[in-house]
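[1] With the input below, show me the fold.
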Amino acid sequence: MKKWFLFFPLLYLNSFIANSQAAESEVRLLQMLDSTRKSFSVSKYFADIYFNTTCRAVAFFNKGPKPEKDFIQRLEIRFAFYFFRSAEAYTANDTITEVWRSYYSDSALSPLQYTLLGINAHVNGDIFQALVTEFSADELKKHRSSYSKFNKALVKEYNQFYDKWYNSHHRTQLLHTLSMGMSKFYGRTLLKKWRKRQYKLALWYYQDPDKFKTLQQKVRLKRNRIDQLILRQL
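    Presented below is the predicted three-dimensional model:
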């Protein structure tokens, strides 16, 4: 029975890959995320939602024009590098980047805390780095609409994530009740805002270094405050 239980995730992954016509680089990424989410490392908590989100991205852009698919595939691989780099550093007891330090600061946090810390680090710390490392200023201008388009798919992933924790986490239920349901809408709005701000950071990196440095510092402070809120209140 145990062997069959372990077999089903692999069967799902292989079926998804076959039906979505994922590129070879995306296949490798999904396999790495799948392996990490089934590991014993605390990295597994963020890897789980990251795996689901990447599946959505592959499916969402599957039938899009080739330039758009190429842009997203390059972003996916570059973006993932920052998470895996920190995950490997943690396993090797090596230095972890400032962006991911809160995530790996404690080995006994709750699954919800790890997931939220991972989202904060990846969205508010890694996106702009992936964008400026992988793309030129002209490429960023050209593909801005493709980047923003994925918000539609992210909303579905966010809704599933929120509903999962609303049904199983007391403080999430309390927050939902006290805000009369607005906490769900607020979180969805923040996610879009954060992604948009990261793209602006990437553009200013090329176009206006002074504005870039100012905004980067503001984002860093906000990211750190969110980390502390997650660690202390959840």
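[2] Spit out the contact partners of the residue nearest to N224 when sequence neighbours are not counted.
    When the adjacent residues along the chain are set aside, N224 lies closest to S102, with 7.7 Å between them (CB to CB, 6 or more residues apart in numbering). Every C-beta, even on glycine, is put in place using the N, C-alpha and C of the backbone. By CB atoms under 8 Å, 6 or more residues apart in numbering, the contact set of S102 is 117, 120-121, 224, 227-228, 230-231.
[3] go on, F128?
    198-199, 201-202, 205, 216.
[4] Can you name the element that comes right after the helix or strand containing it?
    Using DSSP states H and E, F128 maps to helix 127-134. Once the chain leaves helix 127-134, the next helix or strand it forms, by DSSP H and E, is helix 137-142.
[5] buried set for that following helix?
    L140 (16 or more other CB atoms under 10 Å).
[6] pLDDT averaged over that helix - what is it?
    Averaging pLDDT along helix 137-142 yields 97.
[7] do the same with stretch 201-209
    Rounded mean pLDDT across stretch 201-209 is 97.
[8] hang on, the earlier thing: distance between the helix holding F128 and the chain's centre?
    Relative to its chain's centre, helix 127-134 lies at 14 Å (CA atoms, centre = their mean, to the nearest Å).
[9] CA atoms of that helix as PDB?
    What follows is helix 127-134, C-alpha atoms only, in PDB (Å, rounded to 0.1, in the frame of the first residue of the first chain):
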ATOM      1  CA  ILE A 127      11.600  38.300  -8.900                       C
ATOM      2  CA  PHE A 128      13.400  41.500  -9.800                       C
ATOM      3  CA  GLN A 129      16.800  39.600  -9.500                       C
ATOM      4  CA  ALA A 130      15.600  37.000 -11.900                       C
ATOM      5  CA  LEU A 131      14.300  39.700 -14.300                       C
ATOM      6  CA  VAL A 132      17.500  41.800 -14.500                       C
ATOM      7  CA  THR A 133      19.800  38.800 -14.600                       C
ATOM      8  CA  GLU A 134      18.000  37.100 -17.400                       C
END
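[10] How much space separates the residue nearest to N224 from R74?
    Computed as CB to CB, to the nearest Å, the S102 to R74 distance reads 28 Å.
[11] Likewise for A137?
    15 Å.
[12] Check D106 too.
    D106 is 34 Å from R74, by CB to CB.
[13] More neighbours: which of these two?
    R74 (16 against 12; other CB atoms under 10 Å).
[14] pLDDT wise, what is that one at?
    96.
[15] That one: what secondary structure?
    helix (DSSP: H, G, I helix; E, B strand; the rest coil).
[16] need the contact list for it.
    134-135 are the contacts of R74 under CB under 8 Å, 6+ apart.
[17] Likewise for the one 5 residues further on?
    Applying CB under 8 Å, 6+ apart, we find F79 in contact with 122, 126-127, 130.
[18] how about 10 Å then?
    29, 50, 54, 57, 72, 122, 126-127, 129-131, 133-134 (CB atoms under 10 Å, 6 or more residues apart in numbering).
[19] Verify the stated contact: N151 with Y199.
    No. With contact defined as CB atoms under 10 Å, N151 does not reach Y199; the gap is 11.2 Å.
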